[in-house]
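[1] need a structure here:
(chains A and B)
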Amino acid sequence: MIIINGNNLLNLVQKESGQDIQACYYCHKCVVGCPVSKYMDIPPNAILRMIQYGEKEKILKSATIWLCTACETCGTRCPNNIDIAKVMDVLKQMAVKEGVKGKEKTIQIMHKAFLAGIEKRGRMHELSLIRDLKLRSGGLFKDIKLGIKMFQLGKFSIFPEKVRNVKEIKKIFKKIRSIE
Amino acid sequence: MIYSYYPGCSLHGSAKEYNHSTKAVCEKLGVELRELPDWICCGASSGHSLNKILEIVLPAQNLKIAEKIGHDLVVPCAACYNRLKVAKNELREKEEIRKQIKDLINFDFQNNIEILNLIELIKNRIGLETIRSKVVKPLKGLKVACYYGCLLVRPPTIMDFDNPEHPMSLDEIMRVIGAEPINWSFKTECCGGSLSLSRDDIVKSLVGNIIRMAEEAGAHIIVTLCPLCMENLDIRQPNYNFPILYLTELLALAFNLKESENFITKHIVNPLPVLESLELL
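    Residues are numbered from 1 along each chain as shown, chains lettered A, B, ... in the order given. I've put the predicted structure just below:
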C-alpha cells in the first residue's frame, strides 16, 4: 500500500508512477543489474532515497534519469516490486514540464526530435531524425562513414512516409498541449 | 490464418529485411498478414520518456484501428510490441486512462484482440510441428546465441511472455530448424536501446560485452527479434565481425526461400562467410 504522508516530491512521484517508493530497503539489486549504472552520476537506489528526502532539484538535474534505458531489469528483480524505470519516466517528464536544464542534453534533444517527427508525419523517418538531431546537437560529420555504408546497403528510406490522417495526429498533439 | 500486421517505423526503414523476411516466411506458412491501414508510430522510448499521455495515446491509436478490424495483431518489433502491450494493459486496468483516451481519439476500448510477437505467432498459433514440416535445409552445425533483449520479456507482469531471466522459446524454434542454440548468460541483457543516437559510447560498450559473451560461448551468430537490438549489435560492435540475423531470416534459410539472398545481404556484418563455411547456402 502506498502511504501518502511524505514530502511533496514523494507524494507526487508515488501518485504519478503508482509505485511504493518507501518500500525500498536499499538492497542494491537495481544498481547491480542496471546495464548503465556505471555511467550514472547517482545510482538508481539513491534516486529512490533522494525522492524520500524530497531532493527534487538534484534529481531532476541528474544524468541518471536520462541515461536510464527503461530496460526494466531493475523492476523485474526488485524484491519490493518497485518499477524503477516507471519512476524514472515520471522524473524525466517532470524535468521536461518544469524546463529543468539538466545533464545529457543530447538524449533529451533526441527524444524531442523523435516526437516532433511523429507530430509532423505520423511516423518516424530515420534520416530526418538523424538530420534534426545533428542540426540541434552538433556532430554533423560523426558516423559519416557508417552512414555511407548503410546507405549503400539500402538501409535508409530516402523519402519520409506520411500517414493520410496526419491532420488527426497533429490535433492529438495540440489537444495534449492544451490539457497540460 | 489472417492477422493484422503492425510493422512499425523501423521495418519500413533500416529494418526492411525484417519486414520482407517476416512476410515471406508467413506466406510460406499460410499466414496472411494484413498491414494496419494508417498505422502510426508507437512513440518508442521517446513517447514514454517525455509525455505520459503520448505514451498511451500513440499505441492506442493503432489499437483503435486494429480492434475495429478485429483480427489479432502481429508485431515483429520488440519495442513496438512492448509499447502496444503496455498501452493495452493501462487501458484494461485503469478507468481514468480509458476515459482520457476516449476523449482524445474517440476510442472505446473493447479488449477484443490479442497482440502477438513472432515467437508467440510461431509457437502458439502456427505450431512447431508445422515449422518442422517446412524445413528443407536444416541449419546443421550453426551455433546460435538467442538474444531476446529487454522489451519482449520485461516488465514480466505486463509482457507475460516466457521467463524474464532465462527465456527458452526462441531456443526451441532454433532447435526445430536444425540449429544449435548455445547456453549463455546475456540472453536478456540490454543493448543500450535508443542511446544509440545520443550516447553511442555507452552502446558500444554494452554491445561489446554481449558479442564477447556470445563468442566465448561458442556461437557463430546472434539471432534477434528487435530492429533496435539489430541496429546496435550490427553497427556498433567494436573490433568484431560477428554476424547478427533476425529470426525470420534464419527461418527463410531453413525453408530454402529463394528471397533469402535479398535479406541476409543487408547487414553491415556480412553473414555469408559463416553460412558458407557451414554449407548452409
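
[2] How about the helix ranked longest in chain A and chain B, any contact?
    Ordering each helix of chain A by length in residues (DSSP state H) puts helix A:105-121 first. Yes: with CB under 8 Å from any CB of the partner chain as the criterion, chain B is reached by helix A:105-121 at A:106, A:107, A:109, A:110, A:111, A:112, A:114, A:115, A:118. For glycine as for every other residue, the C-beta is placed from the backbone atoms N, C-alpha and C.

[3] Dump the residues you listed to JSON lines, plus neighbour count.
    What follows is the residues of helix A:105-121 next to chain B, written out as JSON lines (neighbours: other CB atoms under 10 Å in any protein chain shown):
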{"residue": "A:106", "neighbour count": "17"}
{"residue": "A:107", "neighbour count": "25"}
{"residue": "A:109", "neighbour count": "19"}
{"residue": "A:110", "neighbour count": "27"}
{"residue": "A:111", "neighbour count": "25"}
{"residue": "A:112", "neighbour count": "17"}
{"residue": "A:114", "neighbour count": "24"}
{"residue": "A:115", "neighbour count": "22"}
{"residue": "A:118", "neighbour count": "27"}
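
[4] In terms of residue numbering, what are the domains of chain B?
    Per the record, chain B has its domains at B:2-116, B:130-277, by automatic domain parsing.

[5] again with chain A
    If you go by automatic domain parsing, the domain ranges for chain A are A:8-97, A:105-179.

[6] Most tightly packed of those?
    domain A:8-97 (a mean of 20; mean count of other CB atoms under 10 Å in any protein chain shown).

[7] Which stretches in the stretch 1-150 of chain B count as strands?
    Using DSSP state E, counting those that start in this stretch, the strands of the stretch 1-150 of chain B run over B:2-5, B:32-35, B:73-74, B:115-116, B:143-146.

[8] Which of the domains of chain B sits closest to residue B:123?
    Smallest distance to residue B:123 across the domains of chain B (CB to CB): 5.8 Å, for domain B:130-277.

[9] at contact distance from chain A, anything in that closest one?
    Yes: residues of domain B:130-277 are located near chain A by CB under 8 Å from any CB, namely B:150-151, B:154-156, B:164-165, B:188-190, B:192-195, B:197-200, B:202, B:206, B:235, B:265-268.

[10] thinking again about what came up before, what about dumping the CA coordinates of the longest helix of chain A to PDB?
    C-alpha atoms of helix A:105-121 as PDB (Å, rounded to 0.1, in the frame of the first residue of the first chain):
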ATOM      1  CA  LYS A 105      21.200  17.300 -23.300                       C
ATOM      2  CA  THR A 106      21.700  15.200 -26.400                       C
ATOM      3  CA  ILE A 107      19.400  12.500 -25.100                       C
ATOM      4  CA  GLN A 108      16.700  15.000 -24.400                       C
ATOM      5  CA  ILE A 109      17.100  16.600 -27.800                       C
ATOM      6  CA  MET A 110      16.900  13.100 -29.500                       C
ATOM      7  CA  HIS A 111      13.600  12.400 -27.700                       C
ATOM      8  CA  LYS A 112      12.200  15.800 -28.700                       C
ATOM      9  CA  ALA A 113      13.300  15.400 -32.300                       C
ATOM     10  CA  PHE A 114      11.700  11.900 -32.400                       C
ATOM     11  CA  LEU A 115       8.300  13.200 -31.200                       C
ATOM     12  CA  ALA A 116       8.400  16.200 -33.400                       C
ATOM     13  CA  GLY A 117       8.800  13.900 -36.400                       C
ATOM     14  CA  ILE A 118       5.800  11.900 -35.400                       C
ATOM     15  CA  GLU A 119       3.700  15.000 -34.900                       C
ATOM     16  CA  LYS A 120       4.700  16.100 -38.400                       C
ATOM     17  CA  ARG A 121       4.300  12.800 -40.300                       C
END
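
[11] Now do that helix: everything it contacts.
    Under the criterion CB atoms under 8 Å, 6 or more residues apart in numbering or on different chains, residues A:66-67, A:96, A:102, A:123-125, A:128-129, A:132-133, A:136-137, A:160-163, A:166, A:169-170, A:173, B:40-41, B:43-47, B:49-51, B:54, B:58, B:194-195, B:197-199 lie in contact with helix A:105-121.

[12] at 6 Å what do you get?
    Where contact means CB atoms under 6 Å, 6 or more residues apart in numbering or on different chains, the residues beyond helix A:105-121 that reach it are A:66, A:124, A:128-129, A:132-133, A:136-137, A:160, A:162, A:173, B:41, B:46, B:49-50, B:197-198.

[13] Looking at these, which are in helices?
    Using DSSP H, those in helices are A:66, A:128, A:129, A:132, A:133, A:136, A:137, A:173, B:46, B:49, B:50.

[14] count of residues packed around residue B:64?
    Neighbourhood size, residue B:64 [other CB atoms under 10 Å in any protein chain shown]: 17.

[15] All set, thanks.
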